[in-house]
Every structure is written in structure tokens, then in C-alpha cells.
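1. Turn this into a structure:
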Amino acid sequence: MHYIENTRNLFLYYKQLGDQSMTQLEEKELFWKYAADENSIATIVKHLSGNMLSRWTDFMTADGEKTWRNRDDEFEDATLKNKAEVLEAWEKGWNCLFEAIDPLTDEDLEHIIYIRNQGHTVVEAINRQLGHYAYHVGQLVLLAKLQKGKAWQPLSIGKGASKDYNKNKFAVEKGSRHFTEEFLDKEKKK
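-> Next up, the predicted model:
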């Protein structure tokens, strides 16, 4: 169960990076492109959602590349019209993923599932998707950061803040997974 819990936490982490990035953006910024032939954040979200719905719907019993999926359409910009639709697609994909992995047990991890008719253990399939989602969330974060410039609110340790972060991190009892109250208060004020 440790693997499943750890993986779920990593998926949540990447979802939160996307959530926190998109929260900082105006609607038009979700549709901005660095260049004409590049993807916008809305397009990345559309692709991630399509992938998640395909991969995680009935993932233990049906091929992860569903016949109803139109992957090429995921890279067309016209479908999602506003921020609400982008966020709805984002949540729909992640909800499908979590509904699929939450009931997993250790016994499920070596079960063979299929993606494009290629066999994977459940562990392999999860790792494959974790890497894929991290890759695209990184793109999403970069696009958001490029647009916000100096107004960008860091999603982790900000520039020049490592010393204070480490000081507070090492002030916590070894092995603890929690920050000191003082540090949390400082973080809330930022």
C-alpha cells in the first residue's frame, strides 16, 4: 500500500502545481501561446484530460486507448471556450484517475493491463502515466510563469528563500513530515 499511497501523493502534487498555476492566470492567459504552432495551457489541459479519461476509465479491464478517444482533436484549440471549461476538463480527468487508483490494493499491482494493445503491469502503467503527467504539468507551469513574469507566485521555495526554508526544515524533529508553526505562519503571509 505504500507504493499506492506514495503514487497518489505524487499525482496530487502535480495536480496542485497545475491548480496553483492556473489560479494565478486570467482567462485569456489560459489560451496564450508562446508561438503559433505551440500549445496553450488550455490545449495541454484538454490533452491531459483526454488521456486521463482514456487511460483510467475501466483501466483494469479495457485497453487504455479507448476507441472513443480522439487524441488528434485534443490538440485543436476550438473546443474549450473559457476558464470554467478548462477547469472542468482538468477536474474531470483528475477525478477519473483518482477514482481508478483509490481502490487499488497491493494484489492489483502485478495485474497486466493494456495500453494500445501493449501489456503493462499496473505499476508500469501508473509509472508511465505519472511521467507523462509530470511532463505536461511542467509545460503548463512554465507557460504560466512566462506570462506572469515578476507577478508569478512561486509554487515551491522562492528565489533566495532556501536558507530560511532549510533552517526551519531542520528545526523540525527528524523524520517528521510537518513544518514548524512559525514557518507555516510565514508562508501564509507571503
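2. From here on, just use CA atoms for contacts and neighbour counts.
-> Noted.
3. tell me the mean pLDDT over stretch 26-34?
-> The predicted model gives stretch 26-34 an average pLDDT of 96.
4. would you put the C-alpha positions of it in PDB?
-> The C-alpha atoms that make up stretch 26-34 are tabulated as PDB, following Å, rounded to 0.1, in the frame of the first residue of the first chain:
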ATOM      1  CA  GLU A  26      -6.600  35.400 -16.200                       C
ATOM      2  CA  GLU A  27      -8.900  33.600 -18.600                       C
ATOM      3  CA  LYS A  28      -7.100  34.900 -21.800                       C
ATOM      4  CA  GLU A  29      -3.800  33.600 -20.400                       C
ATOM      5  CA  LEU A  30      -5.000  30.000 -20.500                       C
ATOM      6  CA  PHE A  31      -5.300  30.400 -24.200                       C
ATOM      7  CA  TRP A  32      -2.000  32.200 -24.900                       C
ATOM      8  CA  LYS A  33       0.700  30.500 -27.000                       C
ATOM      9  CA  TYR A  34       4.400  31.200 -27.000                       C
END
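5. neighbouring contacts of that stretch?
-> Contacts with stretch 26-34, where a contact means CA atoms under 8 Å, 6 or more residues apart in numbering, come from 22, 39-43, 82-83, 143-144, 147.
6. go on, stretch 143-158?
-> Judged by CA under 8 Å, 6+ apart, the contacts made with stretch 143-158 from elsewhere in the structure are 17, 20-22, 24-25, 29-30, 34, 40-41, 165.
7. residues contacting Ile44?
-> Contact analysis of Ile44 by CA under 8 Å, 6+ apart lists 75, 136, 140.
8. rewinding a little: which of the contacts of stretch 143-158 are buried?
-> Restricting these to buried positions leaves 17, 20-22, 25, 29-30, 40-41, 165, with burial counted as 16 or more other CA atoms under 10 Å.
9. counting contacts, what elements does the helix or strand hosting Glu85 pack onto?
-> With elements taken from DSSP states H and E, the one containing Glu85 is helix 83-101. For helix 83-101, the packing partners by 3 or more CA pairs under 8 Å, 6 or more residues apart in numbering; DSSP states H and E come out as helix 2-23, helix 41-56.
10. Tell me how far the very next helix or strand once past that helix lies from the chain's centre.
-> Using DSSP H and E, the next helix or strand after helix 83-101 towards the C-terminus is strand 112-115. Taking the mean C-alpha point of strand 112-115 and that of its whole chain, the gap between them comes to 22 Å (CA atoms, centre = their mean, to the nearest Å).
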